[in-house]
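A.B. asks: give the three-dimensional model of this entry:
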Amino acid sequence: MCGIVGYIGGKTAQDILVNGLKRLEYRGYDSAGIATLDDDAKPHCARSVGKIAELEKVLAAKPHDGKIGIGHTRWATHGGVTVNNAHPHRAGDIFLVHNGIIENFKELKAKLGSYEFKSDTDTEVLAALINSKYDKKTSLADAVAQALKEVRGTYGIIVFSAREPEQLVVARLGSPLIIGLGKNETYIASDASALLGYTRDAIYLNDGELAICTREGVDLRNLSLETLNAKTETIEGNAEQIQKGGYDHFLLKEIMEQPETLRNTLSGRINLEQGTMRLGGFGLSAKELREIEHVVIVGCGTAYYAGLLASYYIEQIVPEVTTEVVVASEYRYRSFHLPKHSVALIVSQSGETADTLACLREIKQRGAKVFGIVNVVGSTIAREVDGGSYVYAGPEISVASTKAFTSQVATMLIFAGMLAEARGGDRSTIAKLAQELSALPDEIAKTLETHADEVKALAAKYAKYDDALYLGRDTAYPIALEGALKLKEISYIHAEGYATGELKHGPIALVDSTYFEIFNILKGRLFEKSIGGLQEVRARGGKAIVLTDAPKSLEIEADDIIRLETDFELLTPILLNTLQQLFAYHVAVARGNDVDQPRNLAKSVTVE
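C.D. replies: From the prediction side, this is the model:
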């Protein structure tokens, strides 16, 4: 969740650390701080509550010119939002920043006896533990390794000491860290976006690894301090991708760039002439695809809803395969059974989602193959799966996911097409899916352009409401769930998503003139049943908004209607979702909210 940066080299560390923290703001945080060592190995620490702009005010009063330092943006877990609870934490000669959770911190705290703690955090306990091991005969790396052997939980840490001012010690278990290699300088970050523009050469730390970072390079070890071979990889992306590009918010930019990012997702994966689809990273032969009988899709939040939508299509075009979609935070603790010939699709934008990663490992232990559908190159999930595909949506900076959802769904639909083709499915249906996927970027562009003003006006009309229901049937049901999530995430309006047929089973009791309802209504076999739900809501005073692909010849009575003009037969729900994204954005703006960094949320959920 939080952001970590570190630097050792010839430049002023303070400037690099602050810039890195700004690039990690999207991850969500409530306080920030940095610690540096000056040329005389004198430590300086500055911390503040609130945005990084507040930290910059503190630093402006007492600027530091040290060439080594660490920085952190904190999202509160243990202890409230206070300066004392902000990172970096100091214990004796030890300065430390930490992502993750130390589960046995109370036990460790008791062992430390008379040490006087200044914060309520588990992180300070870890700093104190390292300091307790750090005597005159022990190196900093040895003290860190000894302490981490006593820890239960997750961590990504950077540690420095004034006693050994020419190094930073980093280690990870379940929380990502990347070491960037420069010329006579070394960078560290919890996300590659903080390294863009400085270096493209990086070492992605694996769980259980520790690294001693100096200006000259990196000495990679395990917790027994045995030397390991470090693999240098190339960081993808560029600094321009993490700029707003003239938009008022990253969220709006990411909504509007979906045609482009989706083209990246689809590039080289669809052959329209042959009506075929391929995801090379899965590495499955036609025989192996034919043997699959059960697909479990694992995700959290938006990734879960992407999987749910994809499951409807898999069922339609590969009816012989059973599809199960599960919430990772629940599935990891269930006594679940995986039938023979099962595979799992592990869906995560960041590739670091803690609950999803735990499911991956549990499923893998049970002998099933696991395939990743992730956006971040080099992420932990991408490194631990048996295969899979990047969605290539580019950096998603706004906390609320938009373009990643669209690309995740598209990638899973290509997988569905591969399954269908291998099993001798209906060629016309497979070809139709391939055609609509290929046309989807242009259809999204047309939808956003045609209805932008209409959606903005609609948002202004309903921005003062505090309650909403989102409804849909069949493939529009997951879209209703995702639409409600987007609205609540960034507007703070209480919003719930339901299958329209479930109205009579409880939710209709909420309907009155203080609610508005968004109906996602698709033309076709369930159109009339969807209209029935709409009429039930209007009869009870609800304010009904309809998003539909039904032509004007199909009469609809509602307070507001947005009609799409599309020839799509399969993928219309994705178009409806782009309207919901834009609606949620404009409602949040109208309510004066922090659209890109909504309260209490973080982009990458790396703790349970």
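A.B. asks: hey, let's count contacts and neighbours off CA atoms from now on
C.D. replies: OK.
A.B. asks: quick one: the strands in the stretch 351-500 of the chain, in order.
C.D. replies: Applying DSSP state E, counting those that start in this stretch to the stretch 351-500 of the chain gives strands spanning 369-374, 387-390, 467-472, 494-499.
A.B. asks: repeat that for the stretch 1-150 of the chain.
C.D. replies: 3-8, 31-37, 43-49, 68-74, 89-91, 94-99.
A.B. asks: gap between the longest helix seen in the chain and the chain center?
C.D. replies: Identified as the longest helix of the chain according to DSSP state H is helix 427-462. Here helix 427-462 shows a centroid-to-chain-centroid distance of 24 Å under the convention CA atoms, centre = their mean, to the nearest Å.
A.B. asks: against which helices or strands is it packed?
C.D. replies: With contacts taken as 3 or more CA pairs under 8 Å, 6 or more residues apart in numbering; DSSP states H and E, helix 427-462 sits against helix 258-266, strand 270-271, strand 276-277, helix 403-422, strand 560-563, helix 572-590.
A.B. asks: in the stretch 1-150 of the chain, where is pLDDT below threshold?
C.D. replies: Applying pLDDT under 70 to the stretch 1-150 of the chain flags the ranges 1, 27.
A.B. asks: ok, now the chain?
C.D. replies: 1, 27, 237-242, 602-608.
A.B. asks: ok, now which ones touch Pro165?
C.D. replies: When contacts are counted by CA atoms under 8 Å, 6 or more residues apart in numbering, Pro165 is found next to Leu37, Ala41, Ile68.
A.B. asks: for it, helix, strand, or coil?
C.D. replies: For Pro165, the assignment made with DSSP: H, G, I helix; E, B strand; the rest coil gives coil.
A.B. asks: please report how far it lies from Asp40.
C.D. replies: Here the criterion is CA to CA, to the nearest Å. By it, Pro165 lies 9 Å from Asp40.
A.B. asks: kindly report the same for Asp426.
C.D. replies: 73 Å.
A.B. asks: same check on Asp596?
C.D. replies: Applying CA to CA to Asp596 and Asp40 gives a distance of 40 Å.
A.B. asks: for those two, indicate the residue with more neighbours.
C.D. replies: For Asp596 versus Asp40, neighbours defined as other CA atoms under 10 Å are more numerous around Asp596 (22 against 9).
A.B. asks: and for Val49, the neighbour number?
C.D. replies: 21.
A.B. asks: contacting residues around the closest residue to it other than its chain neighbours?
C.D. replies: Counting by CA to CA, 6 or more residues apart in numbering, Ser31 is the residue found nearest to Val49 once chain neighbours are left out, at 4.2 Å. By CA under 8 Å, 6+ apart, the residues touching Ser31 are 47-52, 73-75, 81-83, 86.
A.B. asks: nearest to Ala211, of these?
C.D. replies: Nearest to Ala211 among these is Thr73, at 21.7 Å by CA to CA.
A.B. asks: my read: that closest one touches Val83, true?
C.D. replies: No. Thr73 lies out of contact with Val83 (CA atoms under 8 Å); the separation is 11.8 Å.
A.B. asks: and the two? Which one has more around it.
C.D. replies: Thr73 (34 against 16).
A.B. asks: okay, the more buried one and Arg47: tell me how far apart.
C.D. replies: Thr73 is 10 Å from Arg47, by CA to CA.
A.B. asks: got it, and Glu352?
C.D. replies: 27 Å.
A.B. asks: what about the two, which has more around it?
C.D. replies: Arg47 (27 against 23).
A.B. asks: identify the bridge partners of the residue nearest to Val49.
C.D. replies: Counting by DSSP bridges, Ser31 is bridged to Val49, Arg74.
A.B. asks: that older thread, buried members of the contacts of Pro165 into PyMOL, please.
C.D. replies: Buried members of those, defined by 16 or more other CA atoms under 10 Å, are picked up in PyMOL with:
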select buried, resi 37+41+68
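A.B. asks: possible to save the contacts of Pro165 as TSV with distance to Glu565?
C.D. replies: Shown next, in TSV, are these (distance: CA to CA, whole Å):
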residue	distance to Glu565
Leu37	62
Ala41	67
Ile68	58
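A.B. asks: mind checking how far Thr572 is from Lys523?
C.D. replies: For Thr572, the distance to Lys523 equals 10 Å [CA to CA].
A.B. asks: and the two? Which one has more around it.
C.D. replies: Thr572 (23 against 15).
A.B. asks: for that one, what are its contacts?
C.D. replies: Leu522, Asp549, Thr566.
A.B. asks: can you map out the helices along the stretch 151-300 of the chain?
C.D. replies: Applying DSSP state H, counting those that start in this stretch to the stretch 151-300 of the chain gives helices spanning 250-256, 258-266, 286-291.
A.B. asks: tally of neighbours for Ala368?
C.D. replies: 18.
A.B. asks: dump the strands of the stretch 1-150 of the chain to a markdown table, plus distance to Ala459.
C.D. replies: Formatted as a markdown table, the strands of the stretch 1-150 of the chain follow (distance: least, CA to CA, whole Å):
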| stretch | distance to Ala459 |
| --- | --- |
| strand 3-8 | 33 |
| strand 31-37 | 32 |
| strand 43-49 | 33 |
| strand 68-74 | 33 |
| strand 89-91 | 44 |
| strand 94-99 | 37 |
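A.B. asks: out of those strands, which comes closest to Asn375?
C.D. replies: With CA to CA, the closest approach to Asn375 among these belongs to strand 3-8: 18.3 Å.
A.B. asks: helices or strands next to the closest one in the packing?
C.D. replies: helix 13-23, strand 68-74, strand 94-99, strand 185-189.
A.B. asks: deepest of those, which one?
C.D. replies: With neighbours defined as mean count of other CA atoms under 10 Å, these peak in mean count at strand 68-74, which reaches a mean of 32.
A.B. asks: just name whatever secondary elements that one is in contact with.
C.D. replies: strand 3-8, helix 13-23, strand 31-37, strand 94-99, strand 155-161.
A.B. asks: any chance you could list what contacts it?
C.D. replies: Contacts of strand 68-74 (CA under 8 Å, 6+ apart): 2-9, 12-14, 17-18, 21, 24-25, 29-38, 86-88, 96-98, 158-160, 165-166.
A.B. asks: show the buried residues in those residues.
C.D. replies: Buried among these by 16+ other CA under 10 Å: 2-9, 12-14, 17-18, 21, 24-25, 29-38, 86-88, 96-98, 158-160, 165-166.
A.B. asks: next, Thr548: phi, psi?
C.D. replies: The phi/psi pair for Thr548 (degrees, to the nearest 10) reads phi -150, psi 160.
A.B. asks: show me the contacts for it.
C.D. replies: Contacts for Thr548 were tallied using CA under 8 Å, 6+ apart; they are Asn520, Ile521, Leu522, Lys523, Ile561, Ile562, Arg563, Leu564, Leu576.
A.B. asks: okay, now the last one: neighbour count?
C.D. replies: Spelled out, it's Leu576. Leu576, neighbours per other CA under 10 Å, totals 25.
A.B. asks: so who does it touch?
C.D. replies: Applying CA under 8 Å, 6+ apart to Leu576 gives the contacts Ile479, Asn520, Leu547, Thr548.
A.B. asks: swap the cut-off to 7 Å and go again
C.D. replies: Leu547 (CA atoms under 7 Å, 6 or more residues apart in numbering).
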